[in-house]
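Trainee: have a look; sequence and predicted model below, questions after that.
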Amino acid sequence: AQSVSQHNHHVILSEAASLELGCNYSYGGTVNLFWYVQYPGQHLQLLLKYFSGDPLVKGIKGFEAEFIKSKFSFNLRKPSVQWSDTAEYFCAGLMNSGGYQKVTFGIGTKLQVIP
Amino acid sequence: DAGITQSPRYKITETGRQVTLMCHQTWSHSYMFWYRQDLGHGLRLIYYSAAADITDKGEVPDGYVVSRSKTENFPLTLESATRSQTSVYFCASRSASGRVGYNEQFFGPGTRLTVL
């Protein structure tokens, strides 16, 4: 079965610390991967996406993610977090299911950045 | 403004009542989705639609009904609401055109539903 798993459910960091959020997927075919962010009280917004080409993807607000096919991973990174990065982050994968492409989301990681 | 809207934004209802959550998008996106967001479960797909008159179940479809008579609308109905359906519901849409996987899903602002 297709699945996306996020290992860290709650992360607390101080400002300027480096961030890495883990994401692994389970799917045998071609997969397209996304990271979404949900700021408190808001809807999900796209941070970055990978669909082909360079496995290192750069997104908005200084975030980047690396697709490692051999590890079925798509970890999100940021070298120096800010208080405004406090949010919930969702990894998602677009996979074929019954002829349609569906996006499967991970459980989410709540990031709290302490000033 | 163009985009994806949901109504109502907040709803309180009682167990056993029928509730319909509305979703409307102005992009003519082929795909539309309904998710529920719950603590400890993240986002779970309830139903999705690949085009008008084509709908299919997601992970947690029980107790929900959808329809898609028009491309732009994708209402979600709770036929007999239960307390376990208290949640935040997000509608999303995505274009089917272009390269597969290239198109992101756009999310609506959400509907917070409380079932007493």
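Mentor: Looks like it came in fine.
Trainee: and the top strand by length along chain A, which residues are buried?
Mentor: Looking across chain A with DSSP state E, the single longest strand is strand A:87-97. For strand A:87-97, a neighbour-count test (16 or more other Cβ atoms under 10 Å in any protein chain shown) marks A:87, A:88, A:89, A:90, A:91, A:92, A:93, A:94, A:95 as buried. (Glycine included, C-beta is placed from N, CA and C.)
Trainee: out of those, which is nearest to residue A:11?
Mentor: Of all the buried residues of strand A:87-97, residue A:11 sits closest to residue A:89, with 8.9 Å by Cβ to Cβ.
Trainee: ok so, going back, what strands line up against the longest strand of chain A, and which way round?
Mentor: Here strand A:87-97 is paired, per DSSP bridges, with strand A:32-38 (antiparallel), strand A:100-105 (antiparallel), strand A:109-114 (antiparallel).
Trainee: what sits against the residue nearest the centre of chain B?
Mentor: In chain B, the residue lying closest to the centroid (Cα atoms, centre = their mean) is residue B:34, at 2.6 Å. Neighbour list for residue B:34: B:21, B:23, B:45-48, B:58, B:64, B:66, B:74, B:76, B:89-92 [criterion: Cβ atoms under 8 Å, 6 or more residues apart in numbering or on different chains].
Trainee: make it 7 Å
Mentor: B:46, B:47, B:66, B:74, B:76, B:89, B:91 (Cβ atoms under 7 Å, 6 or more residues apart in numbering or on different chains).
Trainee: which SSE is the closest residue to the last one other than its chain neighbours in?
Mentor: Read that as residue B:91. If the residues on either side of it in the chain are set aside, residue B:91 comes closest to residue B:23, at 3.4 Å by Cβ to Cβ, 6 or more residues apart in numbering or on different chains. Per DSSP states H and E: residue B:23 is located in strand B:19-25.
Trainee: returning to what we had before: next step: the contacts of residue B:34 restricted to strands.
Mentor: Per DSSP E, these map to strands at B:46, B:47, B:66, B:76, B:89, B:91.
Trainee: would you confirm that the fourth one contacts residue B:64?
Mentor: Spelled out, that is residue B:76. Yes. Using Cβ atoms under 7 Å, residue B:76 is in contact with residue B:64, at 6.0 Å.
Trainee: which residues are common contacts for these two?
Mentor: residue B:46.
Trainee: of these two, which one has the most company?
Mentor: residue B:76 (22 against 19; other Cβ atoms under 10 Å in any protein chain shown).
Trainee: now that one: how far from residue B:36?
Mentor: From residue B:76 over to residue B:36 the distance is 9 Å, taken as Cβ to Cβ, to the nearest Å.
Trainee: overlap in contacts, the two.
Mentor: In contact with both residue B:76 and residue B:36: B:46, B:89, using Cβ under 7 Å, 6+ apart.
Trainee: okay, and the beta partners of the residue in chain A that chain B sits nearest to?
Mentor: Per Cβ to the nearest Cβ, residue A:32 is where chain A lies closest to chain B, at 2.9 Å. Note on residue A:32: beta-bridge partners residue A:94, judged by DSSP bridges.
Trainee: model confidence score at it, please.
Mentor: At residue A:32, the model reports a pLDDT of 87.
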